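Chemist: turn this into a model:
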Amino acid sequence: MPKVEFIQYHQPAMESGTYRIRVEQVVSTKSNTIPSAQTYSREVAFAVTGERFSTLDASDVSAVFPPDASLGDHNNVLAHISLTRSTLPWERAPDEQDLGLPWLALLVLRDSDFPTLDDKPQPQIITLSQLQSTPASTARYPAFELEPSQAPTDKVTVIDVKKGLLSQLLPLKSELAYLSHVRQPLDDSGNLAGEEIATVIANRLPQNGGSSTAYLISLEGRYPSGGDTFDFQNAGDDDKIRLVVLRHFQFSCLDDKQSFSQLLLNLAHDTFRLANSSNADANAALATGSVALRHRLREGDKTVSWYHGPFRPGQTTDLLNLPVRDADELYRYDQGTGMFDASYAAAWELGRLLTLRNQGVALALYDWKQGQAQNIKAAEQAVEHLPLTAPETDSQVPPTISTWFSDLSLLKNVPFNYLVPDERFLPIESIRFFRVDARWVECLLDGAFSIGRVTDGDVAQDAENPLATPYGNLSGFLMRSDVVSGWPNLLVDGYSQVIDNADFVPDAVQPLPIVRMERLSSNVLLCLFDGDVRTVDIHQKPEAMHFGVDAATGNPPQYHKTLRDLTTGDELSNPLPIPWRNEQLGVVDIGSLANAMKGRLGGSGFTSAQFALEMIEGVEKVRFISTGS
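Modeler: Coordinates of the predicted model:
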């Protein structure tokens, strides 16, 4: 099974900066003609130029989380940015001594940090010359020298933040080592199976129920040698500190009740049927997923008939004799309620009308069937007169026709009100499980195949239908929820067994093939499985893996972190409470947390690799068990 390896850092071969190489050659001889050895030397200067001020290109960024401009349940997330060049965070240094520390940090600013949105720092583009000459009355920025590859007119993006706020948010220099690491994918043999990426993690939770912005900032030379805190250059709390920004992204957090997991856990979960009434005979029909609808008969009379669509709460035992000449042959009479059941007649007529409306398919189907009839007749005549030279008939179905019938088999192009005939079947914030009525689908396809069916001979010929559904047993669910619109990339896994353990799927259990998964509207999701689904897992994409703390529990609520054994990966009991530098602002005390982890886990060393492994959060998953019979 492929693995991901966490690495403390990836130091570049040489730090960014200017270097000199001096080469000397001493020449001497045994002859007395040269009184002493001669020395010849040459000195060459060169520069190693890495990122410093320029905004990172899209190709430099592998991923950010939370995604830019996203809205989701990110309240317990420590934002991160992953970089395609694995050495980038260590190509410079935050001071002149600690070359093993990263020079990049991810600063999270909440909209609530500022009295109004107008007070929120806005990225501004200036020149390096302007950055060098930043007046103290505007903002504080330390003096620096341009490197050989840099020009005074080069552009740089900056933000200005008040020292009083910034001093509560920036990590200590000793914490920087834990906030950057490298990940590399490995194959089953332990060989590198992809590109290494470097990841920088924030030390602050985003705003609950509001918007936040994450800034990848430069810390080059911003910490004094021997000191642990950012050098604010004697600024007062209301003075502004200028920061170079290499990348930024914005996201918003939902209220806890609107989170991915909470929305799913609060869904009304049931099979696809209406509630019982006070009439026992009617309840027998309701139990099959039927509903009483107004019905105008062919002669113009009005009545009420039973109807059910292709989605039913259990297996169907109905028997049909297809093909039929018209839909009237498929009406049934319910003696208990004295009402007609128009379900299969409606499906047959719908298949016929949908195909007639698609003129290209209708004409191609008619021509193909006429050609088949002619081939059959010619073959019969050839067999009667010249049995040894009977021609082979070409029964290949044109792709246009086969595609149309394949789509109908999966209920594509079927109007929604035929699938869900009453809104009560699918209330707001609900999930409904069903089995697909194979008889209903057969009637739909027979109606579609009835184009050109007029005589008894046509009916007999259509008994050999090569376009019958290839699926024998379909099942699935309909979900109507804000989850569908809020998380457009959610994933679904279905299993034919009931799996009670919400965190475990046995190795021997394979997921059912999904034959159709489609959003029928902004908040309605249809999912069909090839087989009888009994367990459904709904989760986010693997890319949604992130770093964060465990959700707050208890009274008063308290964030915590469940640790994993560094050898086995098993979760440990007694989660660690999260230590805060400023709990109100959501700033985690990274140093204290790392020390607490080290003390709990033991071992000789604890680096950013182990810290990242402990802080990583998997994608959220909610499991549903179908209660259908």
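Chemist: roughly how far is the helix or strand Asn375 falls within from the heart of the chain?
Modeler: Assigned by DSSP states H and E, Asn375 belongs to helix 359-385. Mean C-alpha position of helix 359-385 versus that of the full chain (C-alpha atoms, centre = their mean, to the nearest Å) differs by 49 Å.
Chemist: average pLDDT for that helix?
Modeler: Averaged across helix 359-385, pLDDT comes to 82.
Chemist: and the next element down the chain from it?
Modeler: Assigned by DSSP H and E, the successor of helix 359-385 is helix 399-409.
Chemist: tell me the buried residues in the helix or strand that comes right after that next one?
Modeler: Using DSSP H and E, the helix or strand that follows helix 399-409 in sequence is helix 416-419. Buried residues in helix 416-419, defined by neighbour count with 16 or more other C-beta atoms under 10 Å: 418-419. For every residue, glycine as well, the C-beta is placed using N, CA and C.
Chemist: for the helix holding Asn375, name the packing helices and strands.
Modeler: The contact analysis (3 or more C-beta pairs under 8 Å, 6 or more residues apart in numbering; DSSP states H and E) places helix 359-385 against helix 343-357, helix 399-409, helix 456-462.
Chemist: buried sites along stretch 211-230?
Modeler: By 16+ other C-beta under 10 Å, the buried positions in stretch 211-230 come out as 211-223, 230.
Chemist: and Asp446, that's in a strand?
Modeler: No. Asp446: not assigned to a strand; according to DSSP: H, G, I helix; E, B strand; the rest coil it is helix.
Chemist: of all the helices and strands packed on helix 359-385, which one comes closest to Ser59?
Modeler: Each of the helices and strands packed on helix 359-385 has some distance to Ser59 by C-beta to C-beta; the shortest is helix 399-409, at 38.8 Å.
Chemist: report the mean confidence score over the closest one.
Modeler: 94.
Chemist: the strands in the stretch 401-550 of the chain, which residues?
Modeler: 430-436, 474-480, 491-495, 514-521, 524-530, 535-539, 546-548, 550-553 (DSSP state E, counting those that start in this stretch).
Chemist: hey, which of the ones you listed is tucked in deepest?
Modeler: Ranked by mean neighbour count, these are led by strand 474-480 with a mean of 25 (mean count of other C-beta atoms under 10 Å).
Chemist: nearest residue to the residue most central in space within the chain other than its sequence neighbours?
Modeler: Compute the mean C-alpha point of the chain, and by C-alpha atoms, centre = their mean the closest residue is Lys541, 3.2 Å away. Of all residues not flanking Lys541 in the chain, Asn489 sits nearest, at 5.1 Å (C-beta to C-beta, 6 or more residues apart in numbering).
Chemist: same check, this time on Ala235
Modeler: Spatial nearest neighbour of Ala235, excluding adjacent residues (C-beta to C-beta, 6+ apart): Lys163 at 4.4 Å.
Chemist: same check, this time on Ile81
Modeler: Closest residue to Ile81 apart from its sequence neighbours, by C-beta to C-beta, 6+ apart: Val64 at 4.9 Å.
Chemist: and the one you found, what's its pLDDT?
Modeler: 90.
Chemist: from what I can see it touches Ser82, true?
Modeler: Yes. The criterion here is C-beta atoms under 8 Å, and Val64 meets it with Ser82 at 7.3 Å.
Chemist: mind checking which of those two has more residues around it?
Modeler: Looking at Val64 and Ser82 with other C-beta atoms under 10 Å, you find the greater number of neighbours at Val64, namely 19 against 16.
Chemist: what's the helix or strand for that one?
Modeler: Applying DSSP H and E, one finds Val64 within strand 61-65.
Chemist: could you look up the SS state of Ser149?
Modeler: Following three-state DSSP, we place Ser149 in the coil state.
Chemist: ok, it - contacts?
Modeler: By C-beta atoms under 8 Å, 6 or more residues apart in numbering, the contact list for Ser149 reads 47, 49.
Chemist: quick check: phi and psi on it?
Modeler: Main-chain torsions, Ser149, degrees, to the nearest 10: phi -90, psi 0.
Chemist: cool, and Asp328?
Modeler: phi -60, psi -30.
Chemist: okay, it and Ser475: tell me how far apart.
Modeler: Distance, Asp328 to Ser475, using C-beta to C-beta, to the nearest Å: 30 Å.
Chemist: Leu71 falls within a helix, correct?
Modeler: No. Judged by three-state DSSP, Leu71 forms no part of a helix; its state is strand.
Chemist: and it, what pLDDT?
Modeler: For Leu71, the predicted pLDDT is 80.
Chemist: could you count how many residues lie near it?
Modeler: Other residues near Leu71 come to 15 when the count uses other C-beta under 10 Å.
Chemist: quick check: it touching Leu254?
Modeler: Yes. Assessed by C-beta under 8 Å, Leu71 is found in contact with Leu254 at 6.5 Å.
Chemist: which residues do those two both contact?
Modeler: Common neighbours of Leu71 and Leu254, counting by C-beta under 8 Å, 6+ apart, are Gly486.
Chemist: tell me the SS of Phe606?
Modeler: Following three-state DSSP, the label given to Phe606 is coil.
Chemist: okay, and the beta partners of Gly17?
Modeler: Per DSSP bridges, the residues bridged to Gly17 are Val48.
Chemist: please apply the same query to Thr213.
Modeler: Beta-bridge pairing for Thr213 (DSSP bridges): Leu109, Gln250.
Chemist: quick one: it and Asp113 touch, right?
Modeler: No. Look at Thr213 against Asp113 with C-beta under 8 Å: they stay out of range, at 10.0 Å.
Chemist: list residues touching both of the two?
Modeler: With C-beta under 8 Å, 6+ apart as the test, Thr213 and Asp113 both reach Lys120.
Chemist: where in the stretch 201-350 of the chain is pLDDT low?
Modeler: 255-258 (pLDDT under 70).
Chemist: helices of that one, residue ranges please.
Modeler: For the stretch 201-350 of the chain, applying DSSP state H, counting those that start in this stretch gives helices covering 260-265, 280-286, 343-357.
Chemist: point out the most buried one among these.
Modeler: Stretch with highest mean neighbour count among the helices of the stretch 201-350 of the chain: helix 343-357 (a mean of 22; mean count of other C-beta under 10 Å).
Chemist: dump that helix to PDB, restricted to CA.
Modeler: Provided in PDB are the C-alpha atoms of helix 343-357 (Å, rounded to 0.1, in the frame of the first residue of the first chain):
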ATOM      1  CA  SER A 343     -47.100   3.100 -12.400                       C
ATOM      2  CA  TYR A 344     -46.000   0.700 -15.200                       C
ATOM      3  CA  ALA A 345     -48.300   2.300 -17.800                       C
ATOM      4  CA  ALA A 346     -46.800   5.700 -17.000                       C
ATOM      5  CA  ALA A 347     -43.200   4.300 -17.300                       C
ATOM      6  CA  TRP A 348     -44.000   2.700 -20.700                       C
ATOM      7  CA  GLU A 349     -45.700   5.800 -22.100                       C
ATOM      8  CA  LEU A 350     -42.800   8.000 -20.700                       C
ATOM      9  CA  GLY A 351     -40.200   5.900 -22.500                       C
ATOM     10  CA  ARG A 352     -42.100   6.100 -25.800                       C
ATOM     11  CA  LEU A 353     -42.600   9.900 -25.500                       C
ATOM     12  CA  LEU A 354     -39.000  10.600 -24.500                       C
ATOM     13  CA  THR A 355     -37.700   8.600 -27.500                       C
ATOM     14  CA  LEU A 356     -40.200  10.200 -30.000                       C
ATOM     15  CA  ARG A 357     -39.100  13.600 -28.700                       C
END
